[in-house]
Every structure is written in C-alpha cells, then in structure tokens.
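Undergrad: Kindly generate the corresponding structure for this input.
(4 chains)
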There are 2 protein chains.
Amino acid sequence: MKIEDEIQQKEFSSPMQKTVINIIFTANWLNLKFSQALKHYDLSLPQYNVLRILRGQKGCPATVNSITERMLDKSSNASRLVDKLKAKGLVDRRECPNDRRAVDILITDKGLILLKELDKEILHFDEKLQKLEPDEMRAVNEILDKLRQNDTDIEKSEDVIKVSNKEVTGVV
Amino acid sequence: MKIEDEIQQKEFSSPMQKTVINIIFTANWLNLKFSQALKHYDLSLPQYNVLRILRGQKGCPATVNSITERMLDKSSNASRLVDKLKAKGLVDRRECPNDRRAVDILITDKGLILLKELDKEILHFDEKLQKLEPDEMRAVNEILDKLRQNDTDIEKSEDVIKVSNKEVTGVV
DNA sequence: ACAAATTAAATGTATCTACATTAAATGTTG
DNA sequence: CAACATTTAATGTAGATACATTTAATTTGT
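TA: Numbering: from 1, shown residues only, chains lettered A, B, ... in the order given. Below is the predicted model of the structure:
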C-alpha cells in the first residue's frame, strides 16, 4: 500500500516530507515485525542489537561506549541493556585491563547459542520481505546513505563555531 | 556515510538485512533530528503527528480511533497523547453525537497557530535534507511501499484461517 | 427484546527511554 | 605534581511506551 493510503494523508507539504514520513513509518513497521519475532525469546530489539554487536566482535571484548556508538538506537542506555543481558546470562562484564573506567563486555556461550537459534527466525523474517530486487535494495541503501550525509556537514560547521567561540572568549 | 561505517559493521547476513538495518537506522536518525527541532516547542514527535492529523481534517473532528489508525507509530497511546495536548489547550474533546462511545477530537486555534509556527521550522528542516533528487525520493517511496506490501498478504491469509476455524467450530 | 459479542476509549502496570547527575579514572596544562 | 577538564560508566528521575484490563456503548444473533 502507498504511504498516503497507509496513513490516509493525501497531501504532503513537500516531496521530502513524504519521503521522511515514509521512512519513519516503514521503520516503525519493521520494528514491530521484528519485535514480534523476538518476543518468543524474551528479547527486546535493542537487546538483540547488542548481542549482534558482541557476536560481531568475534571474541574481542567491546566497551559499553563502543556498543553505544554502534547501536541503531543511540538513545537506548547501553549500560542498562547490558545489565539485563547479564541477568539472563547472555553476556559477561569484566574490568578493562588498560582503562579502569571502562568495562569490557563479552557475549557468553549461552548468548551465542541463543543468537544461533534466532538466526533461523531472522532468516524466515527476511524471506517474507524478499520481495525487493537486488537493484532496489542497492538503490535504497545508496539514497538513505546520501540522505544522512549532510549530518556530518552540520556537525562540522557547529564545531567551527565552537572553536571560534573559544578563541573569542580566550581573547576576552 | 555508508551504513556499514555508521554502525561499524562490515558484514550483513543478507542484502535484505542490510537494507532493513539502514531503514531503521535512518529513521532513528530522522526521529532524533525531528525531536530536537520540536523540543523548543515542548512537543514530542507523536504529539506533533497527532496535531498534523487533526489539522488535515480541516474542521471535521477525528475520533481517537481514527487518529490511532493514521499515526506513524501505532503503539503510542492516542488517548493519552490527546490528554497531553488538551492540557496544553491545543485540542478539544467533545462527545461524538452519533456514537457515545467515541470522542471527537478537534484542534483548537491555539493548536493551529502553533502548527503554523512549526511549519517554518519543518521547512528549514526539509531544506537541510534537500540533497535528494526528485527521482531519488520517488524511488525510495516506491521501494518502501513495495517492501511493506506483503503485510496485507499475511493478514489476509490469517483472516482466511480464522474464518475456516469459525466454520469448523460451527460444524462441531 | 435480550444475552452475548464487539467496539471505543480510558486506565493500570511494568518496563523503557530521555535527560541530567554522579563517581571514579584518566588526560591536560601550568 | 597539583588543579582542572574530560572521559567512562552507572544511576536517579520524570515521562513515554507496550500490553493487558476495564468500563461503557453499540451491534449481532436468536
């Protein structure tokens, strides 16, 4: 169904608005489908995301900080997510040897086994979505990457302002 | 930046996984930018969404139910969102004349004035994103609409099962 | 017409998120 | 080296979300 039918909105203030709304709507839809698949395993989507990050480390530990950087939803609290996963025995904490502020997080065997089970679930999930052609997937990825590209530009220009402020206050 | 760099993940289990993750990541990014723009006006994104839906009604009231159907995030509680908006004087409740279970919601003048102010903010937000070509926006919309399309298929087949269950129990 | 089923909205609740603050360890600079 | 700033993770909290339940009104089936 077209996005204008999904949300029963015929007019958008701009083509960009329509695209933005479509992306957000589709992501909510995907999140819902995903969460439902994970529910039987008593895992939230952010928790699953953390486990996937840890598995990707292939044995190397990841600090709470590095997990946050790589999470899809930066606003989830990685520290508390790790708490929950540790309570379930899916991850282990250990003090980072070269920086005692940091905490190394490792996925446990139990965590790996759970992920292995979930892989099938996700595969099944993917198959149901397999209506897109390789070209279409490539196109979406390229365009979304392009859409986000100005982010760094903005941050960069803000940094410049910050620096010049510092200089000014330094002079004053 | 490419999605694999954003989340520092070089390998995906499938091209579809990569696409799904890109959509969710981009939507989170957009949500964050959006929320930041709305913050100065003490509005959450779902609250803004509800106001936009009500304005689109052009004077006709909308029930809580119809708002839920049209919201981007179906899981937000429209009833409580309306509560919040009413407390701010941005919407009004009134009993639906032809169904006393339902409640008609209308946007107030104050709500319309606030939205008018926000229009400029959103326009500015859009302009910063205006790096996409019309073709690219069209392509994203088409592909995302296609991605969601099998949803109704699944629901339809479930309905069929339900119906046949009814028939069976009816016979027994 | 009446009992049962369904629908609309509100509410109860546990959990999660957003944001600020804290506490400890490390970096930086005079 | 000592004072200050920064970084890392944890925690406190108000508010939001997810999900189940409740209450009232309407619809359906007999």
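Undergrad: Contact partners for residue A:137?
TA: Taking Cβ atoms under 8 Å, 6 or more residues apart in numbering or on different chains as the contact definition, residue A:137 lies against B:15, B:16, B:18, B:19. For the C-beta atoms, the positions are set from N, CA and C on the backbone; glycine is no exception.
Undergrad: Give me the neighbour count for residue A:144.
TA: The criterion is other Cβ atoms under 10 Å in any protein chain shown. On that basis, residue A:144 has 24 neighbouring residues.
Undergrad: Secondary structure element for the nearest residue to it once chain neighbours are set aside, which one?
TA: Nearest residue to residue A:144 in three dimensions, chain neighbours excluded: residue B:26, at 4.5 Å (Cβ to Cβ, 6 or more residues apart in numbering or on different chains). Element membership of residue B:26 [criterion: DSSP states H and E] is helix B:15-39.
Undergrad: just residue A:10 next, same as before
TA: With elements delineated by DSSP H and E, residue A:10 resides in a region that no helix or strand encompasses.
Undergrad: who's in contact with it?
TA: For residue A:10, the contacting residues are residue A:4, by Cβ under 8 Å, 6+ apart.
Undergrad: quick one: pLDDT of it?
TA: In the predicted model, residue A:10 carries a pLDDT score of 87.
Undergrad: and the closest residue to chain B within chain A, how many neighbours?
TA: Sorted by distance to chain B under Cβ to the nearest Cβ, the residues of chain A start with residue A:27, at 3.1 Å. Other residues within reach of residue A:27 by the criterion other Cβ under 10 Å amount to 24.
Undergrad: neighbours of residue A:125, just the number please.
TA: Residues near residue A:125, counting by other Cβ under 10 Å, number 20.
Undergrad: Isn't it up against residue A:35?
TA: No. Using Cβ atoms under 8 Å, residue A:125 is not in contact with residue A:35; the gap is 11.1 Å.
Undergrad: which stretches of chain A form strands?
TA: Ranges of strands within chain A are A:62-63, A:91-95, A:103-107, based on DSSP state E.
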